[in-house]
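Visitor: The following comprises the amino acid sequence and a computationally predicted model.
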Amino acid sequence: MSIVDGKNIAAEIMENSRIKINYLKNKGIFPCIEILLIGNDEGSEKYVQMKLKKIKEAGANGNIKKIDESKSDEDIIEIIRELNLNRKVNGILVQLPLPDKFNEENILSEIALEKDIDALNPITLKKIDQNNSSYYPAGVDAIMAIFERHKVTINKKNITIVGITNLIGRPLASVLRQKGGIVSEIDVGKHLTLDDLIKTDIIVTDIGKPEWLKKEMVKDQVTIIDAANNYVNGKLLGDVDMNGMINKVNIITPVPGGVGPILIASLIENLIKAAEKSFYADKY
């Protein structure tokens, strides 16, 4: 049994990113991200502050633009359009979830594809479905990094993804199918039976139900990716009953310390890609 050390994987990615960013800086390229934080959600604010801290630790530039909830969709779209034209900005990220009053799809659709480093634009998601995208969402990249480092076989494996969102579940399902996985998607509210799980080689869960997945629900030597963040009485928990799973699984991600740290490191990798593309587009 192997417990994934997300902090260690993230540290490896971050070190490689620092080397690449230093190389780019020596060529006069300064990777820069603009993060739009709309409204006053305390959890979102803490998270984007952590993202920006890691981005700057890697040597990149960045800024958090706080936008009052009183603004309209049109106001935010105008901000995004200005950032699309700003040659100093390589990546644009709109922190989700948005307050209820905003039309998420309309806003995200305005992010230029070459700057859509967290794959939020619906067109980017369609391109992922077609195996034709420059970027995956950072959460998808994080999970694929875990599979790569732990040598998890995807081809012809039964895979169940519980929780289908545009941030992880939907694009991850597309990527795993393209790699030969036999993927079942279970969205929130859809009935899930023990038969669905007991035959599954790999389970990815992100539905926000603390410790719902128990050892009697899975087969021996299953690989489990817990991508959830649930706060219960101030404690961060995943969707998986970690203690009960210890002697049952092949590979498992803890919460915290599993997918989360790698996700931010993967976002920085995408920012570097965007900066490189911008430089070579200008050059040639």
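Guide: Cool, got the structure. Numbering: from 1, shown residues only.
Visitor: Now do the closest residue in space to Gly238 that isn't next to it in sequence, the pLDDT please.
Guide: In this structure, Gly238 finds its nearest non-sequential neighbour in Val255, 3.2 Å apart by CB to CB, 6 or more residues apart in numbering. The C-beta positions use only the backbone N, C-alpha and C, and glycine is treated the same way. With respect to pLDDT, Val255 scores 95.
Visitor: in the chain, which segments are predicted with low confidence?
Guide: Flagging of the chain using pLDDT under 70 yields the residue ranges 189-193, 279-284.
Visitor: quick one: the helices in it?
Guide: 6-26, 42-57, 73-85, 104-108, 122-129, 138-149, 169-178, 194-198, 242-245, 259-283 (DSSP state H).
Visitor: Would you enumerate the residues in contact with Leu108?
Guide: Under the criterion of CB atoms under 8 Å, 6 or more residues apart in numbering, the contact list for Leu108 reads 94, 120-122.
Visitor: which residues touch stretch 132-139?
Guide: Applying CB under 8 Å, 6+ apart, the set of residues contacting stretch 132-139 from outside is 113-114, 116-120, 124, 127-128, 144, 166-168, 171-172, 175, 227, 259, 263-264, 266-267, 270, 273-274, 277.
Visitor: repeat that for 6 Å
Guide: The contact list for stretch 132-139 (CB atoms under 6 Å, 6 or more residues apart in numbering) reads 117-119, 124, 127, 167-168, 171, 263, 266-267, 270.
Visitor: farthest-separated two in the residues you listed?
Guide: When the contacts of stretch 132-139 are compared pair by pair using CB to CB, the farthest-apart members prove to be Lys127 and Leu263, with a separation of 20.4 Å.
Visitor: So for those two, which residue has more residues nearby?
Guide: Ranked by neighbour count (other CB atoms under 10 Å), Lys127 and Leu263 place Leu263 first, with 24 against 19.
Visitor: my guess is that one meets Ile143, correct?
Guide: No. In this structure, Leu263 sits apart from Ile143 without contact. The criterion is CB atoms under 6 Å, and the distance is 8.9 Å.
Visitor: spatially speaking, which residue is in the middle of the chain?
Guide: Centre of the chain computed as the mean C-alpha position; nearest residue by CA atoms, centre = their mean is Gly139, 2.0 Å away.
Visitor: how about the nearest residue to that one, chain neighbours excluded?
Guide: Nearest residue to Gly139 in three dimensions, chain neighbours excluded: Ile168, at 4.1 Å (CB to CB, 6+ apart).
Visitor: The one you found: how many residues sit nearby?
Guide: Neighbouring residues of Ile168 were enumerated by other CB under 10 Å; the total is 25.
Visitor: thinking again about what came up before, can you tell me which of the contacts of Leu108 lies closest to Gly180?
Guide: Pro122 (26.1 Å).
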